[in-house]
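1. Here's my sequence, what's the structure:
(chains A and B)
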Amino acid sequence: MKQSRADGFLEFATGRTGHLFRSAVLLTSGDVHLAEDLVQETLRRMYVVWGGRRRIDNPAAYAQTVLIREFLTHRRRRSSSEHPLAELPDTPQRQAVSPEVRISLLQALGELAPKDRAVVVLRYWEDRSVEETAAAMSVSTAAVRTRSTRALAKLRAALGADLADLVAP
Amino acid sequence: MSSTSHTPPASPVSPTPEAPATPPDSPTAFEAELAEMLRRVGGTFDGDQSALVAGGVARGRRSVRRRRAATAAAGAAVLSLLGTGAWAGGLLGGGSEVARRTDHVDGGRIHEIWRQLTPAGTFSQQRELPRGAGEYAHVSFVYDDGKGAGLVEFRMGRADAHRSASGCERTDPRCRVRTLPDGGRTRTVESARAPYTTLATKSVRSELITADGHFVEATVWNAPDPARATGTRKAPVLMYEMDRLNAPAWRQELARFRLGDPLAGEPALDPAFLSPSGKFSGERLATLLAGMLPEPGHTVERARGTTDPLGPSVALRYDDGRGAAQVTAELYRVDPQGFSARQAVSCRGIPDCAPATRPDGGRLRVDQSQQRKAGTVRRAWAATYLSGRGDLVRITERNAASEAGPATRELPPLTTERLAALATSPQWRPALDELPAAPRETLYGPTAGGARLEMIRSAQAAVRLHARDAKKFAAPDCDGPCVYRTVWNQDGLGPGAVEVYLGPERTNRSAEPRLTVRQEPVKGGGDRTVRWVFTGARPGGREVTVVAYNAPRADADATRVGPPMNVPLLKALAMDPGWNAPDIDGAKPAAPGRSPQGR
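-> The predicted structure is shown next:
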């Protein structure tokens, strides 16, 4: 890869990795290790595409789609080239959300089938439309609507009417 | 919490343009609140972004290199077909970095090392043999030390779990296993029992499994062509020189091969990392088990589905009219060739146990145990079935109404034959299909891998500290008999504790490694607090117990969904050879009732 392209990729990756990681944690319903693996695999694919001849119009959305598809095809596959994170992140502890809320949400997401969870993350975390969600998941819009309805019903049952209280400041 | 408040969030998700009147396209209050909750919770997650970027870029570069190498190799193949094979070598030689890299040791180099190690004899018939999967070298030669010639076959490569876990039958005097100070292990198997007094063909196979997961193996004969002739000498050549397998020259060659991530072999009994589709709820599994019982009377005590973080499991209280009993079923997917599978269906060390191989190739173990409690004899009978593809079903029945209670009848309700039929029933197959196949299991290997290397390093530092001054050592923040304790929250998902307990002495006197994994709620602990308990011992090693919580303390409420380290990392920590270093002279005595098993 040419130096200019490599610099561009690093700039993109540095700016988007945080969001990709947060999406991945929601997709995996709190499995941080798997989330890290998915993000690195997404960046790997982006790197290969970035160095190719084809230009990507919206790399952020493209990366998000790659992440979703990586998650959906994941079957306990763990790359032997997993990169060890030798340095610990030097970040302050954020305690804006109570553990109860965090656990309730992640456990409720964990109860969903992976594809239903992907629909929820795309629709309500990524703010994607039904059509965009369908395109990202390579399914029909009807399937997205069906999965969305089912997932919301399950989440409503799990989180209940207490959701408003949970998100209240 | 109130269920009446539905205050719109400060920044609800903007309505999507399509079909505003029909749910789910139009955002209801619930959807808006869900979006807000996702934003608030998701915004707190923090990964090590720079390391993730570095990891992604490194993977990307490797992919690009592999593609180039594949292109070069394809070009070489075409050239070779065209009869220009000589060019192909040049093309590959001048090609990519990957193409230049070798995946084996040259046979000439192997023979050269053997000459250096055993200079007294003569060498002949040196051959390079086809290498098997994971082998770096496979050669043979005939060696003559002046007392007769004998064939030597030599291999070295990557030790798989099967090789790592292989030991000796206790009653076989021709097999010996020895554990080395560095955590490696040697095994010697003789084809005939010494002393050797005849010229009949004999062989001795010696293998060294290094602590970092390689093997070096030599098989020596007392004849240059053992398949066709009788021996030219009584004892195989070099059979007393097998300590040469541990020579630094082999280590140097092995150091060229970087082993894959040892944590890639995720542990078999790992229901927390499954990605099931959620079709089998606990209730459905309970109905399935109840339907297989001869009488209808039962109540469900515990029912976990395939999505449960503690794994699919059912416990029924069953009464056939002769007293209450407990019947449980647990489902797993394991590596059928792996260590966990061997342990699950092996009868080694179990007094009343019958192993069997089924016509379908699956293995079945039926064991019966009993224990006196409260003036009664508690009996537990279990059938464990392992299929060829790694389905593991364990059915347990007790003559008591619960796992801890006194006996309520003389015998468990089902015969062992019936129990075996339940374990081998094809009715479990749809639920097992929900569980992804377990990857190949590895037990040993360097711990330098995985996404939480720092945690392992920190624990290893504690090992070294303990080794340096075991008597004065006191683990910081350790309020019990543990030698290491830490609380992690580097990902923003909440703090979780990890503790390490060391057994006082080397208790595993067998040649088999031991590892048990338990994932369970903390009894008397905080709300929704769970712990994962890993108890492991290397051959000849001490027992190491690693306990990880999803809370900062056992008695605190859960602060995260699961513990901060995943199962592969905890397994690697429990099996770390550092705990068996010679200068660790034992842990502090365990306080009564404070051991992780006792709490």
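2. Just read off the phi/psi values of B:Val366.
-> phi -120, psi 120 (degrees, to the nearest 10).
3. Is the helix ranked longest in chain A in proximity to chain B?
-> Longest helix in chain A by number of residues, with DSSP state H as the criterion: helix A:3-27. Yes - residues of helix A:3-27 are located near chain B by CB under 8 Å from any CB of the partner chain, namely A:9-10, A:13-14, A:17-18, A:21-23, A:25-26. For every residue, glycine as well, the C-beta is placed using N, CA and C.
4. Now for B:Leu38, which secondary structure element holds it?
-> Element membership of B:Leu38 [criterion: DSSP states H and E] is helix B:29-42.
5. Let's see that helix as PDB, backbone CA atoms only.
-> Provided in PDB are the C-alpha atoms of helix B:29-42 (Å, rounded to 0.1, in the frame of the first residue of the first chain):
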ATOM      1  CA  ALA B  29     -41.800   5.400  23.000                       C
ATOM      2  CA  PHE B  30     -40.300   2.000  23.800                       C
ATOM      3  CA  GLU B  31     -38.100   2.100  20.700                       C
ATOM      4  CA  ALA B  32     -36.900   5.600  21.500                       C
ATOM      5  CA  GLU B  33     -36.100   4.600  25.100                       C
ATOM      6  CA  LEU B  34     -34.300   1.500  23.800                       C
ATOM      7  CA  ALA B  35     -32.200   3.700  21.400                       C
ATOM      8  CA  GLU B  36     -31.400   6.000  24.300                       C
ATOM      9  CA  MET B  37     -30.400   3.200  26.600                       C
ATOM     10  CA  LEU B  38     -28.200   1.700  23.900                       C
ATOM     11  CA  ARG B  39     -26.500   5.100  23.400                       C
ATOM     12  CA  ARG B  40     -25.900   5.600  27.100                       C
ATOM     13  CA  VAL B  41     -24.700   2.100  27.900                       C
ATOM     14  CA  GLY B  42     -22.800   1.600  24.600                       C
END
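6. got the buried residues for it?
-> For helix B:29-42, burial by neighbour count (16 or more other CB atoms under 10 Å in any protein chain shown) applies to B:30-42.
7. Which neighbouring elements make contact with that helix?
-> helix A:3-27, helix A:99-110, helix A:141-159, helix A:163-167 (3 or more CB pairs under 8 Å, 6 or more residues apart in numbering or on different chains; DSSP states H and E).
8. relative to helix B:29-42, how tilted is the second one?
-> Angle, helix A:99-110 to helix B:29-42, by axes from the mean of the first three to the mean of the last three CA atoms, to 10 degrees: 110 degrees.
9. helices and strands around the next helix or strand after helix A:99-110, which ones?
-> Next helix or strand after helix A:99-110 toward the C-terminus (DSSP H and E): helix A:114-120. Counting by 3+ CB pairs under 8 Å, 6+ apart, the packing neighbours recorded for helix A:114-120 are helix A:3-27, helix A:59-73, helix A:130-137, helix A:141-159.
10. Those helices into CSV, with extra columns for distance to B:Asn489 and mean pLDDT?
-> What follows is the helices and strands packed on helix A:114-120, written out as CSV (distance: least, CB to CB, whole Å; pLDDT from 0 to 100):
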stretch, distance to B:Asn489, mean pLDDT
helix A:3-27, 14, 85
helix A:59-73, 24, 85
helix A:130-137, 32, 88
helix A:141-159, 24, 90
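11. Can you lay out the ones you listed as a markdown table showing mean neighbour count?
-> Shown next, in a markdown table, are those (neighbours: other CB atoms under 10 Å in any protein chain shown):
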| stretch | mean neighbour count |
| --- | --- |
| helix A:3-27 | 19 |
| helix A:59-73 | 19 |
| helix A:130-137 | 20 |
| helix A:141-159 | 18 |
